[in-house]
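[1] take this sequence and fold it.
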Amino acid sequence: MNDELMNVRPMIEDDFAEAVIIMMHAFRGKMVMLKSWSDKKIIDLLFYLPTFDKNNLDGNYVFTYEEKVVGILNLKWDEQQKIKKPPKFNIFGAIKRFGIFKLLFTILSLTILETKVTKDEMLVDYIAIHPDFRGKGIGSKLLDFGENQARKNKEITKYSLMVIGQNIRAIKLYEKLGFNIVKTTKLFFLRIFSGIKVYHYMVKDLHK
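    From the prediction side, this is the model:
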């Protein structure tokens with residue numbers, strides 16, 4: 001890949017269509033209940049939730065190659081979360097559209113995986129790369145970008161992320177980049193509906 005054709009920038013509303021396709025590929029592997037759904041239906045669900053909210057784009061970034069969105073990064077920190085606006089979501093319309101059982105357990109699984117941030121922390125809420133562009137170093141570049149954002153804030157001393165225990169490749173990458181596992185969580189309920197057995201909370205100390 002030509003470095004001159006790469007760029008990381010804040011997400012804008014025009015990026016949503018490309019970004020949600022990337023999320024669909026990542027989302028499908030985490031929610032076993034949705035494996036029978038078509039790509040189009042999962043994309044429809046992600047738009048409906050909404051995965052991306054034009055009123056809450058602070059901390060959302062895209063990685064572009066030849067101006068095409070091929071990677072996404074979402075960062076969370078304490079001050080950002082305090083001013084975040086509640087997203088608009090029609091739960092009754094969603095139930096009618098997607099069915100109450102799968103919808104509610106999908107939302108519940110995502111809620112369980114939701115991580116609160118401390119005052120001294122910047123969290124990688126999610127990072128995802130388009131399947132056609134994986135293995136090209138984009139994930140490392142996005143994580144480096146996020147770390148630079150964290151270091152700009154003097155109150156931030158920890159750079160953190162969550163990773164599924166089965167994702168050995170990602171764990172090895174994160175360890176190589178200086179992250180260490182500080183907590184492992186096992187949730188039987190989550191395993192039934194998402195297929196996730198354990199997930200790790202990994203932290204990089206920015207003082208080192």
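
[2] all the strands of the chain, residue numbers only.
    Ranges of strands in the chain, per DSSP state E, are 6-10, 60-65, 68-77, 121-129, 158-164, 180-186, 198-205.

[3] want to throw these into CSV with mean neighbour count and distance to K152?
    C-beta here means a position set from N, CA and C on the backbone, and glycine is covered the same way. Output for the strands of the chain, formatted as CSV (neighbours: other Cβ atoms under 10 Å; distance: least, Cβ to Cβ, whole Å):
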stretch, mean neighbour count, distance to K152
strand 6-10, 14, 14
strand 60-65, 20, 14
strand 68-77, 22, 11
strand 121-129, 22, 10
strand 158-164, 20, 12
strand 180-186, 12, 23
strand 198-205, 18, 15
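
[4] dump those strands to a markdown table, plus distance to L46 and mean pLDDT.
    Formatted as a markdown table, these follow (distance: least, Cβ to Cβ, whole Å; pLDDT from 0 to 100):
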| stretch | distance to L46 | mean pLDDT |
| --- | --- | --- |
| strand 6-10 | 20 | 94 |
| strand 60-65 | 14 | 97 |
| strand 68-77 | 12 | 96 |
| strand 121-129 | 11 | 95 |
| strand 158-164 | 18 | 93 |
| strand 180-186 | 24 | 91 |
| strand 198-205 | 20 | 92 |
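
[5] if we ignore the residues flanking it in sequence, what's nearest G178?
    Among residues not flanking G178 along the chain, K204 sits closest, at 4.6 Å (Cβ to Cβ, 6 or more residues apart in numbering).

[6] you'd agree the one you found is up against Y159?
    Yes. Here K204 reaches Y159: they are 4.4 Å apart, a contact under Cβ atoms under 8 Å.

[7] intersection of neighbour lists for the two?
    Residues touching both K204 and Y159 by Cβ atoms under 8 Å, 6 or more residues apart in numbering: E147, F179.

[8] stretch 16-33 - what's its average pLDDT?
    The average pLDDT for stretch 16-33 rounds to 84.

[9] list the neighbours of it that are in contact with it.
    Against stretch 16-33 from outside (Cβ under 8 Å, 6+ apart): 11, 34-35, 39, 42-43, 46-47, 51-52, 62, 68-72, 102, 105-106, 109, 126, 128-131, 164, 193-196.

[10] send over that stretch as PDB, restricted to the C-alpha atoms.
    What follows is stretch 16-33, C-alpha atoms only, in PDB (Å, rounded to 0.1, in the frame of the first residue of the first chain):
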ATOM      1  CA  PHE A  16     -21.700   6.100   7.300                       C
ATOM      2  CA  ALA A  17     -22.500   3.900   4.300                       C
ATOM      3  CA  GLU A  18     -18.900   2.600   4.000                       C
ATOM      4  CA  ALA A  19     -18.300   2.400   7.700                       C
ATOM      5  CA  VAL A  20     -21.400   0.400   8.500                       C
ATOM      6  CA  ILE A  21     -20.300  -2.300   6.000                       C
ATOM      7  CA  ILE A  22     -17.000  -2.600   7.900                       C
ATOM      8  CA  MET A  23     -19.000  -2.900  11.200                       C
ATOM      9  CA  MET A  24     -21.200  -5.500   9.600                       C
ATOM     10  CA  HIS A  25     -18.300  -7.800   8.900                       C
ATOM     11  CA  ALA A  26     -17.000  -7.300  12.500                       C
ATOM     12  CA  PHE A  27     -20.400  -7.600  14.100                       C
ATOM     13  CA  ARG A  28     -21.400 -10.800  12.300                       C
ATOM     14  CA  GLY A  29     -18.500 -12.700  13.900                       C
ATOM     15  CA  LYS A  30     -19.400 -11.500  17.400                       C
ATOM     16  CA  MET A  31     -23.200 -12.300  17.400                       C
ATOM     17  CA  VAL A  32     -23.900 -16.000  16.700                       C
ATOM     18  CA  MET A  33     -27.600 -15.300  16.900                       C
END
